[in-house]
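Enquirer: sharing a model that was predicted from the sequence below.
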Amino acid sequence: MRQQPADKLMQNFRLIEESVQISPLLTEIDSVEGAWDLNQGRQSTIKVQREAKAIPIRGLRKSKIAGRKKWDVHESRFTTISQNFPVVRGQLEHWAAKLNGELSRAKVVKLEPGHRVYPHIDRGDYYRIRNRYHLVLRSDPGNYLRAGEEKIWMKPGELWWFDNKAEHEAENCSDTARIHFIFDLLPL
């Protein structure tokens, strides 16, 4: 479902790695009972994300909000929930080192069949200076992510950078859950 011709450079997507070993991450996530219900803040507080479930690995430091909007808070930390996911945390630290970036917010996100993330743009000081990555853990044909005018299917084991400052959305039109490890890095 890669909509762009192979000879045309994409503006909003860049494939970083094609064959990341993802089975240890999936095994760990599957081993934590009720992993997808440990935190339901994403679907209850972010309207465009209401159909997505998430496991927060790193989140904003609420103590640092100090009158700022959430999208302007730069400080982040590992969540308490992330202690259940040492393999996922290790993978995040690996990519931060490899991509020469400072750890920022991160989450594992599941989109059930027939569900979607509605069109939106990530705005604010936090997003303006960070890069967004998707490590694809589970995804069948029929899943897509659109940014701007480009629409692609990201395959399991691929790591992608994408421009979350462009309008973007996702939809799962397959018969199985789509799981992406989504993380932000501040370039060093």
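Expert: Happy to help now that I have it. Residues are numbered from 1 along each chain as shown.

Enquirer: now for the residue nearest to S19 when sequence neighbours are not counted: which residues touch it?
Expert: Sequence neighbours aside, G157 is the residue nearest to S19 in space, at 5.2 Å (criterion: C-beta to C-beta, 6 or more residues apart in numbering). C-beta coordinates here come from the backbone N, C-alpha and C atoms, glycine included. Residues near G157 by C-beta atoms under 8 Å, 6 or more residues apart in numbering: 18-22, 136.

Enquirer: buried members of the residues you listed into ChimeraX, please.
Expert: To isolate the buried ones among the contacts of G157 in ChimeraX, judged by 16 or more other C-beta atoms under 10 Å, type:
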select :20,22,136
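
Enquirer: out of the contacts of G157, which are inside strands?
Expert: Those of the contacts of G157 mapping onto strands are V136, per DSSP state E.

Enquirer: closest to I179 among the contacts of G157?
Expert: Closest approach between the contacts of G157 and I179, by C-beta to C-beta: V136, at 8.0 Å.

Enquirer: so in terms of bridging, what pairs with the closest one?
Expert: For V136, the beta-bridge partners are H180 (DSSP bridges).

Enquirer: kindly report the same for the one 5 residues further on.
Expert: With DSSP bridges applied, the residues forming beta bridges to P141 are N143.

Enquirer: mind listing the strands for the protein?
Expert: Going by DSSP E, the chain shows strands at 13-17, 52-60, 76-78, 101-111, 116-120, 131-138, 143-147, 150-152, 159-162, 168-172, 178-187.

Enquirer: got these as a markdown table, with mean pLDDT and distance to H94 columns?
Expert: Listed next are those as a markdown table, based on pLDDT from 0 to 100; distance: least, C-beta to C-beta, whole Å:
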| stretch | mean pLDDT | distance to H94 |
| --- | --- | --- |
| strand 13-17 | 96 | 11 |
| strand 52-60 | 94 | 13 |
| strand 76-78 | 95 | 15 |
| strand 101-111 | 97 | 11 |
| strand 116-120 | 94 | 26 |
| strand 131-138 | 98 | 10 |
| strand 143-147 | 95 | 23 |
| strand 150-152 | 95 | 24 |
| strand 159-162 | 96 | 11 |
| strand 168-172 | 96 | 25 |
| strand 178-187 | 98 | 11 |
